[in-house]
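# Please find the sequence and the predicted model below.
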Amino acid sequence: MKLLLALGNPGDRYRDTRHNAGWWLADHLASRWGLGRFQPADRMATVEGRVRTEQVLIVKPLTFMNLSGRAMADILRRRPVEPDADMLVLVDDVSLPPGGFRLRAKGSAGGHNGLASVESALDSQAYARLRIGVGGPPSSEVDLAEWVLAAPRDDEEHRILERYDRMAEAVEWWIAEGIESAMNEFN
């Protein structure tokens with residue numbers, strides 16, 4: 001089974017913010033693959049189904065970004081998933097321009113509190129992630145937390161959303177061929 005862990009924040013207040021770019025991609029994937037609607041339970045909303053020959057579980061933690069690892073840990077206790085081989089985290093990244101994306105096989109959280117929570121729960125940095133570019137603040141005077149918890153400008157949102165089909169292709173490649181092959185093809 002493959003696990004897609006989409007990081008974001010629950011609630012209407014955060015729905016359209018840069019920090020929820022991972023959730024936006026999760027919604028796109030569920031729709032693209034005809035998996036139906038996310039079902040909330042415990043500390044997460046999930047949808048599951050087959051993508052080609054693989055069983056795929058998409059999880060949106062409902063614990064807020066900074067506690068995402070708690071929901072992921074719950075899943076890993078119940079499901080046979082090897083994080084370093086079978087898990088891909090979908091996450092926003094301010095260091096990439098809006099619509100850019102990058103696959104990584106492992107690495108540090110890089111200051112991202114959601115990734116830090118996942119890393120802490122796993123006690124490892126060995127998990128794949130797809131970083132979704134949301135662009136950074138226009139100046140150092142803009143607080144980073146306020147920036148990611150704000151909605152992107154219309155042109156930025158358009159650039160992000162128009163790349164979701166290409167990101168979906170990258171996720172599908174990862175499902176079929178693994179992270180190293182996907183990185184070689186899409187980075």
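Ah, there it is. In this text, all values refer to a predicted model and were calculated from it rather than measured experimentally.
# Need the three-state assignment for the residue positioned nearest the centre of the chain.
The centroid of the chain falls nearest to Leu90 when counting by Cα atoms, centre = their mean (1.4 Å). The assignment at Leu90 comes out as strand when based on DSSP: H, G, I helix; E, B strand; the rest coil.
# What residues are bridge-paired with it?
Beta bridges link Leu90 to Ala6, Leu130 when assigned by DSSP bridges.
# burial of Gly100, as a residue count?
For Gly100, the count of nearby residues is 16 (other Cβ atoms under 10 Å). Every C-beta, even on glycine, is put in place using the N, C-alpha and C of the backbone.
# Please apply the same query to Leu88.
24.
# Tell me the spacing between the nearest residue to it once chain neighbours are set aside and Glu82.
Spatial nearest neighbour of Leu88, chain neighbours left out: Ala128 (4.8 Å); criterion: Cβ to Cβ, 6 or more residues apart in numbering. Using Cβ to Cβ, to the nearest Å, Ala128 is found at 11 Å from Glu82.
# These two: which is more packed in?
Ala128 (22 against 12).
# still on that earlier bit, which neighbours do Ala128 and Glu82 share?
Common contacts of Ala128 and Glu82, defined by Cβ atoms under 8 Å, 6 or more residues apart in numbering, are absent altogether.
# Assumed Glu48 was part of a helix.
No: using three-state DSSP, the secondary structure at Glu48 is strand, not a helix.
# Counting residues, which helix of this structure comes out longest?
Using DSSP state H to define each element, the chain has its longest helix at helix 164-177.
# quick one: average confidence on it?
Helix 164-177 carries an average pLDDT of 98.
# That one - contacts with which helices or strands?
Packing partners of helix 164-177 (3 or more Cβ pairs under 8 Å, 6 or more residues apart in numbering; DSSP states H and E): helix 21-32, strand 54-61, strand 101-104, strand 128-133, helix 179-186.
# what about the ones you listed, which gets the closest to Lys2?
strand 54-61 (4.8 Å; Cβ to Cβ).
# any idea which helix or strand comes after that closest one?
Scanning forward in sequence from strand 54-61 by DSSP states H and E, the next helix or strand is helix 68-78.
# Can you name every helix or strand that whatever helix or strand comes next after that following helix contacts?
Per DSSP H and E, helix 68-78 leads on to helix 83-86 as the next helix or strand towards the C-terminus. Counting contacts by 3+ Cβ pairs under 8 Å, 6+ apart, helix 83-86 is packed against strand 2-6.
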